[in-house]
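>>> please work out how this folds:
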Amino acid sequence: MIRKASLLLVGALMGAAAITTLSQMPINVSVAANAAATDTYRQLNLFGDVFERVRSDYVEVPDDAQLIESAINGMLTSLDPHSSYMSPKSFRDMQVQTRGEFGGLGIEVTMEEGLVKVVSPIDDTPAAKAGVLAGDYITYIDGEQVQGLTLNEAVEKMRGPVNTDIVVTVRRKGSAEPFDITITRDIIRIRSVRWREEDDVGYVRVTQFNEQTFDGLKEAVEEMTENIGEDKLKGFVIDLRNNPGGLLDQAIAVSDAFLDRGEIVSTRGREADETQRYNARAGDLTNGKPVIVLVNGGSASASEIVAGALQDHRRATILGTRSFGKGSVQTIIPLGANGAIRLTTARYYTPSGTSIQAKGIVPDIESLQDLPEDLVGRVDTKGEAGLRGHLEASEGEEGSGSQAYVPPDPKDDTQLNLALDLLRGKQANSAFPPVSDSAAVKN
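Next up is the predicted model:
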């Protein structure tokens, strides 16, 4: 979605008292501002001195453009794990990805402790088929050490011509030694919504939030409602497990699909007047059918917006394990021919005014997935709270992330089968169906 030529991908607040205090002391403010400006220019001069010294004295002739790009990226990545500089090529790749088709391996990654950490492999992509798991650390790419690379540089090395192989060395919790995984690059066509009929229940799997997501959800609900029959249909399971997020407007549209009214999410920037609220419009795609949303430690960002909105409005029961805890909004700010910057510009809050930053969404019904013996203890994520340099939680104790494993065979899927039993009335739970409590949200 575009806002002032910026793309929102999902700061501290300045209080009114501070503003009032400053306005009462104009002379001191002026002095302080001038002093701050002088110090800033002194630091910029320092950067210029270092830049010139590197150009003149480094053992080999450096690439000036690369030096500047690295300096900009270093400044941004020092802010938090989600801010970064995108070269013109990276910016073009990102635009292609949000449209739902791009070249690569099919993994959502972040940088942690100097290594590339897998947030989530995307369903039916080369990485997922090769056995890459959420929580894996990539230490080498084709034999080259990742330590010392920026996230963008590491991602660039993982891209390449279709049908070429890449070997990533993976460090996995529970494995004594790192091991190699060979992945064949391919065109990643992201069908962000898949669905199937589970007899009298509609199952919808949302893998990420790109430009196609709401349209896919709408098609899924309409098709399954017609095929199963309105009278026979017991409800819907919306599976957001290992969904790393995506576009804010698509998260809002998906939430709105199940709500008739009320706030969906609010975003709050550094200044009080930057607060924006997004509200639901009348109309529920499911005509009020029961909904269970599945989440786990790989459910992040836009996924958490949807889960938080439906949970706060008591429109759906959230089932699974604690989500990733990424409660910040990134704005993509184009820089003309020089690429773009991805900058964290706001935190988002659920309808009840709760920030999930570094805390995650706590499910109404906690359900641990049964794991194969060789994966026990190896598929947990620390979540946002475990990322170095993350934005701190605005209130409360931090602690996010959890188990992040979805069995390939639905018969082995503990969480899905529990959701199906609840919708069919085969199991009772006080959290299902949710009891409406309008006082809990801001309408």
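
>>> quick one: contacts for D413?
369, 406-407 (C-beta atoms under 8 Å, 6 or more residues apart in numbering). Yep, even glycine has a C-beta here, placed from its N, CA and C like the rest.

>>> Throw these into CSV and include secondary structure and distance to G269, thanks.
Listed next are those as CSV, based on DSSP: H, G, I helix; E, B strand; the rest coil; distance: C-beta to C-beta, whole Å:
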residue, secondary structure, distance to G269
Q369, coil, 37
V406, coil, 35
P407, coil, 40
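
>>> so which of those is the closest to N152?
V406 (28.4 Å; C-beta to C-beta).

>>> and for the closest one, nearest residue in space, chain neighbours not counted?
Once flanking residues are discounted, V406 sits nearest to R241: 5.2 Å by C-beta to C-beta, 6 or more residues apart in numbering.

>>> how many neighbours does that neighbour have?
R241 has 28 neighbours, counted by other C-beta atoms under 10 Å.

>>> so it sits against V295, correct?
Yes. At 6.2 Å, R241 counts as touching V295 under the criterion of C-beta atoms under 8 Å.

>>> any common contacting residues for the two?
G320.

>>> one step back: of the contacts of D413, which is the nearest to D142?
Nearest member of these to D142, counting by C-beta to C-beta, is V406, at 28.5 Å.

>>> coming back round to it: can I get the contacts of D413 in CSV with distance to D249?
Listed next are the contacts of D413 as CSV, based on distance: C-beta to C-beta, whole Å:
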residue, distance to D249
Q369, 31
V406, 26
P407, 32
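
>>> tell me which of the residues you listed is nearest to E223?
Nearest to E223 among those, with distances taken as C-beta to C-beta, is V406, at 22.9 Å.

>>> how about that closest one, phi and psi?
As for V406, its main-chain torsions (degrees, to the nearest 10) stand at phi -120, psi 120.

>>> let me see the contact set for it.
241-242, 296, 369, 413.

>>> ok so, going back, just the closest of the contacts of D413 to Q43, please.
Nearest member of those to Q43, counting by C-beta to C-beta, is V406, at 47.8 Å.

>>> am I right that A154 sits in a helix?
Yes. A154: assigned to a helix according to DSSP: H, G, I helix; E, B strand; the rest coil.

>>> please report how far it lies from T110.
11 Å (C-beta to C-beta, to the nearest Å).

>>> before we move on, the earlier item: which of the contacts of V406 sit farthest apart?
The widest separation within the contacts of V406 (C-beta to C-beta) is 12.5 Å, between N242 and D413.

>>> residue ranges of the strands in the stretch 101-250 of the chain, please?
Secondary structure of the stretch 101-250 of the chain (DSSP state E, counting those that start in this stretch): strands at 101-104, 107-112, 115-121, 137-141, 144-145, 165-171, 179-184, 186-189, 193-198, 201-206, 235-239.

>>> give me the sheet partners of the fifth one and which way each runs.
In this case it means strand 144-145. In the sheet, strand 144-145 lines up against strand 137-141 (antiparallel) (DSSP bridges).

>>> out of the strands of the stretch 101-250 of the chain, flag the one nearest D273.
Closest among the strands of the stretch 101-250 of the chain, using C-beta to C-beta: strand 107-112, at 31.0 Å.

>>> okay, that closest one in PDB with CA atoms only?
The C-alpha coordinates for strand 107-112 follow below in PDB (Å, rounded to 0.1, in the frame of the first residue of the first chain):
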ATOM      1  CA  ILE A 107      12.900 -18.400   3.000                       C
ATOM      2  CA  GLU A 108      12.100 -15.500   5.200                       C
ATOM      3  CA  VAL A 109      15.300 -14.500   7.000                       C
ATOM      4  CA  THR A 110      16.700 -12.000   9.600                       C
ATOM      5  CA  MET A 111      20.100 -11.400  11.000                       C
ATOM      6  CA  GLU A 112      21.000 -12.500  14.500                       C
END
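
>>> and that strand, what's its mean pLDDT?
Averaged over strand 107-112, pLDDT sits at 85.

>>> and for it, what's in contact with it?
77, 81-82, 116-122, 125, 127, 132, 137-138, 150-151, 154-155, 208, 244, 386-388.

>>> for stretch 360-372, same thing?
Against stretch 360-372 from outside (C-beta under 8 Å, 6+ apart): 295-296, 299, 304, 307-308, 311, 317-325, 379, 383-384, 399-403, 405-407, 412-415, 418, 422, 429, 431-432, 434.

>>> need the nearest residue in space to T225, chain neighbours excluded.
L233 (6.1 Å).

>>> what residues does that neighbour make contact with?
For L233, the contacting residues are 200-202, 224-225, 289, by C-beta under 8 Å, 6+ apart.

>>> distance of it relative to R314?
From L233 to R314 the distance is 20 Å (C-beta to C-beta).

>>> cool, V237 as well?
17 Å.

>>> the more surrounded of those two?
Legend: neighbour count by other C-beta under 10 Å for V237 and R314, higher for V237 (24 against 16).

>>> surely M86 and G339 touch.
Yes. Counting by C-beta under 8 Å, M86 does reach G339; the two are 4.9 Å apart.

>>> now do the shared contacts for the two.
Counting by C-beta under 8 Å, 6+ apart, nothing touches both M86 and G339.

>>> who's more crowded, the two?
The residue with more neighbours, out of M86 and G339, is M86; 24 against 20, by other C-beta under 10 Å.

>>> let me see the contact set for that one.
Taking C-beta under 8 Å, 6+ apart, one finds 94, 152, 332, 339-342 in contact with M86.

>>> among the residues you listed, which pair sits farthest apart?
Maximum distance among the contacts of M86 (C-beta to C-beta): 13.5 Å, for N152 and I332.

>>> circling back to that earlier point, strands - which of the contacts of stretch 360-372 land there?
Taking DSSP state E as the definition of strands, the contacts of stretch 360-372 contribute 295, 317-320.

>>> quick check: Q330 vs S255, distance?
19 Å.

>>> which of these two has more neighbours?
Neighbours were counted for Q330 and for S255 using other C-beta under 10 Å; S255 has more, 27 against 24.

>>> now for the more buried one: which residues touch it?
264-265, 280, 305-306, 309-310.

>>> name the member of those with the most neighbours.
Neighbour counts for the contacts of S255 peak at V306, which has 32 neighbours (criterion: other C-beta under 10 Å).

>>> ok, the nearest residue to I138 once chain neighbours are set aside - contacts?
Leaving aside its chain neighbours, I138 sits nearest to V116 (4.1 Å; criterion: C-beta to C-beta, 6+ apart). Contacts of V116 were listed using C-beta under 8 Å, 6+ apart, and they are 109-110, 137-138, 146, 151, 154-155.

>>> which of those residues lies closest to S175?
Y137 (10.5 Å).

>>> pretty sure G298 sits against T381.
Yes. The criterion here is C-beta under 8 Å, and G298 meets it with T381 at 6.4 Å.
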